[in-house]
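[1] here's my sequence, what's the structure:
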Amino acid sequence: MTNAGEPSLRIGFDVTRTRAVLRTVPEYQSDLAQLVARFPATAQRALLSAEIALDDFLVGLDALGSWPSPDVEWEDALAQLVGSVLDDADTAEQRIHDGGAGTASVGAGKVGALLGTGWCADLTAFQRRDIAHLLALQHGANFSVPGAGKTRVGLAVFSAMRERGEAQRLLIVSPKSAYESWLFESGVCFKEPLLAQVMDGSPAPGAEVMIVNYERLDRSLAALASWLRAAPSMIILDEAHRMKLGPRGIYGSACMALGPLSRRRLILTGTPAPNGARDLENLLSFVWPGRGRRVVTSAVAGGDLAHASSVLRPLFTRTTKHELGLPPFEPKIRYVEMPPLHREVYDALVGRFSARAEASRDNFDALGKALLRLLMAATSPALLLEGTSRYEPLAYQVPPLDVPQGDSLYSLMRDLPRYEMSPKYTEALSIVAENAAQGRKTLVWTTFIRSLTTMEQMFAEYGPAVVHGGTPDREEQIRRFREDPDCMVLLSNPATLGEGISLHQVCHDAVYVDRDFMAGRFLQSLDRIHRLGLAPGTETRVTVLAAEGTVDEVVALRLEEKLEFMGRILDDPAVQQLADLQEEPSVAGGMDMADVRALLGHIDVVASR
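    The predicted structure is shown next:
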């Protein structure tokens, strides 16, 4: 003890229970400063105390070994949590070391008995296998493809935990689009439906299941932490790739803070590594706080993804598309040629100025700084100029006017719809028309809202339904697409409709007018029409449009690399196959640093022609 009889260091929770607080006495002030410096993301705000995010604290536990005095006092709750986390990490590392052979397994045939008499829902063979695998782990991950029933598997794991007396409450963090599924399943899977609440304000003390979206999580941390600690609890992160930034993101840091407060942690996502190993590190850091990063980094450090997959396999379960028994499909890519004025404007945006563009150089430099706008320009440069509202469609002239020779290129871009039609819109319309003639509905994807409203006008003959972030009657639009025989096309963007909805019963054709660098979102959107429940022999047709010589080619290359990585890490040939799109002739064509480098390379090539 110190001279005053005080311990040299006290370690406990803050009031939110999501941070560790270190307090010392004056004679150890400099030692505390040195200790805190070993936690890189922490800034000391007082001379004798410091607060450290729980995940950072757990990652850097070894730093406590440098404290010069043995007189350290731990808050009981935090000490128990740290001990539990270290035990969990040791178990996970041992499971990796022996390939899972050293861990007691649960037979798939015994799953029914483990779920208790309150469980009443049917389970497929692969769901029973996945449940058995997850119950053999203290914590785990389900990376099964969309449509494999991950929601039901997650509830079954909770049912088994409840039967054992190890969990009484379940916190589900999910996108809003998944609320319906969780509420429905929590009602039909149990003889006595679970008392489920979508969080609005503060958690209900009597709720057995609390559902909250990622956007609300950060401002509800203290309330949720108290709710979790009031009774033995389990946490499920649905569509867990939403927190792939880990501690560097708002969603991730909130999840990392709450994770250790639960008895069991489970993550669900069909796209666990959309941008590479770092995403996987952050997801597994939630499952095994403090050690998750080390485990993944070690597994993929050598670059042998087949080896990494076998090493990591004991930590997760995955049902593949092949196991779902779905009819195979092969997305095609169609390259379209930009008309002359489109090409001239696009080249000017990336620095290859024609004589006519020189007068507008300042305008184009300003536009070109926003690299993602090149994705827009590859569809139609006219989208770059703001309309009277963010939803205003492009007003195409039919038939188009002749291009005036004396006007500046910038003014021509402003009036581009009067002179040239976007070849992508023309191509998409041709596909929709051909499908409609065969009685087939079409789902058309584009990143940009003005593309949606433009095509809504162009496709008016086919009764289009439209869904984007600002759509007030989303459910009605989707219902009309499903049920109205005159509604032959649904226009949407993957950011809005890429998750949580099934359209495979009525639609088997999709067209991508453009794609961005988000491989996970691309995979999720594909699964809206290709998922469990397809009738045998159903033909699914997916067409990706790309403008020749534009950023579309860079996007295609980067998505290929990301899907190849994800397919290998998950040992899933179906994902790898999607990386290699088959080219077919035209009938009418989220960024990380590697994406940025690829995009800058494209600009350099075009500008130097």
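
[2] mind giving me the packing neighbours of the strand or helix carrying Glu281?
    Per DSSP states H and E: Glu281 is located in helix 277-287. If you count contacts as 3 or more CB pairs under 8 Å, 6 or more residues apart in numbering; DSSP states H and E, helix 277-287 packs onto strand 140-142, helix 250-258, strand 264-268, helix 292-300, helix 551-569. No exception for glycine: its C-beta is placed from N, CA and C like everyone else's.

[3] just checking: what are the partner strands of the first one?
    Read that as strand 140-142. Strand 140-142 sits in its sheet next to strand 264-268 (parallel), strand 316-317 (parallel), going by DSSP bridges.

[4] what's next to it, contact-wise?
    130, 133-134, 150, 153-154, 240, 266-269, 272, 283-284, 287, 315-318 (CB atoms under 8 Å, 6 or more residues apart in numbering).

[5] mean confidence for it?
    Here strand 140-142 scores 92 as its mean pLDDT.

[6] quick one, what contacts the residue lying closest to His508 once chain neighbours are set aside?
    Closest residue to His508 apart from its sequence neighbours, by CB to CB, 6 or more residues apart in numbering: Thr540 at 5.0 Å. Shown in contact with Thr540 (CB under 8 Å, 6+ apart): 327, 329, 508-509, 529-530, 534.

[7] give the PyMOL command for selecting the buried subset of the residues you listed.
    Selection of the buried residues among those in PyMOL, burial being defined by 16 or more other CB atoms under 10 Å:
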select buried, resi 329+508+509+529+530+534
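
[8] using JSON lines, lay out the contacts of Thr540 together with secondary structure and distance to Phe143.
    Shown next, in JSON lines, are these (DSSP: H, G, I helix; E, B strand; the rest coil; distance: CB to CB, whole Å):
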{"residue": "Pro327", "secondary structure": "coil", "distance to Phe143": "22"}
{"residue": "Phe329", "secondary structure": "coil", "distance to Phe143": "21"}
{"residue": "His508", "secondary structure": "strand", "distance to Phe143": "26"}
{"residue": "Asp509", "secondary structure": "strand", "distance to Phe143": "28"}
{"residue": "Ile529", "secondary structure": "coil", "distance to Phe143": "21"}
{"residue": "His530", "secondary structure": "coil", "distance to Phe143": "18"}
{"residue": "Leu534", "secondary structure": "coil", "distance to Phe143": "21"}
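
[9] out of the contacts of Thr540, flag the one nearest to Asp200.
    Ile529 (32.5 Å; CB to CB).

[10] pull the contacting residues for Leu48.
    So Leu48 contacts 23-26, 29, 32 (CB under 8 Å, 6+ apart).

[11] coming back round to it: now, of the contacts of strand 140-142, which are buried?
    The buried subset of those - by 16+ other CB under 10 Å - is 130, 133-134, 150, 153-154, 240, 266-269, 272, 283-284, 287, 315-318.

[12] these two touch, right, Ala156 and Ile131?
    Yes. Counting by CB atoms under 8 Å, Ala156 does reach Ile131; the two are 4.9 Å apart.

[13] quickly list what's touching both of the two.
    111, 123.

[14] redo the strands paired with strand 140-142 as JSON lines? Include distance to Gly165 and mean pLDDT.
    JSON lines is the format used below for the strands paired with strand 140-142 (distance: least, CB to CB, whole Å; pLDDT from 0 to 100):
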{"stretch": "strand 264-268", "distance to Gly165": "13", "mean pLDDT": "94"}
{"stretch": "strand 316-317", "distance to Gly165": "24", "mean pLDDT": "88"}
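
[15] for Gly463, find the nearest of the ones you listed.
    strand 264-268 (35.6 Å).

[16] from the chain's centroid, how far away is that closest one?
    15 Å (CA atoms, centre = their mean, to the nearest Å).

[17] cool, and stretch 475-483?
    Using CA atoms, centre = their mean, the offset of stretch 475-483 from its chain centre is 25 Å.

[18] for that stretch, list the C-alpha coordinates in PDB.
    The C-alpha trace of stretch 475-483 is given here as PDB (Å, rounded to 0.1, in the frame of the first residue of the first chain):
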ATOM      1  CA  GLU A 475     -44.200  -1.000 -48.400                       C
ATOM      2  CA  GLU A 476     -46.900   0.000 -50.900                       C
ATOM      3  CA  GLN A 477     -44.300   0.200 -53.700                       C
ATOM      4  CA  ILE A 478     -43.000  -3.300 -52.900                       C
ATOM      5  CA  ARG A 479     -46.500  -4.700 -52.600                       C
ATOM      6  CA  ARG A 480     -47.400  -3.300 -56.000                       C
ATOM      7  CA  PHE A 481     -44.300  -4.800 -57.600                       C
ATOM      8  CA  ARG A 482     -45.200  -8.200 -56.100                       C
ATOM      9  CA  GLU A 483     -48.900  -8.200 -56.800                       C
END
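
[19] what does that stretch rub up against?
    441, 463, 465-467, 471, 487, 489-490, 501, 503, 505-507.

[20] got it, and stretch 11-31?
    By CB under 8 Å, 6+ apart, stretch 11-31 touches 2-4, 6, 8-10, 32, 35-36, 47-54, 57, 67-69, 72-75, 77-79, 221-222, 225-226, 229, 257-258, 261.
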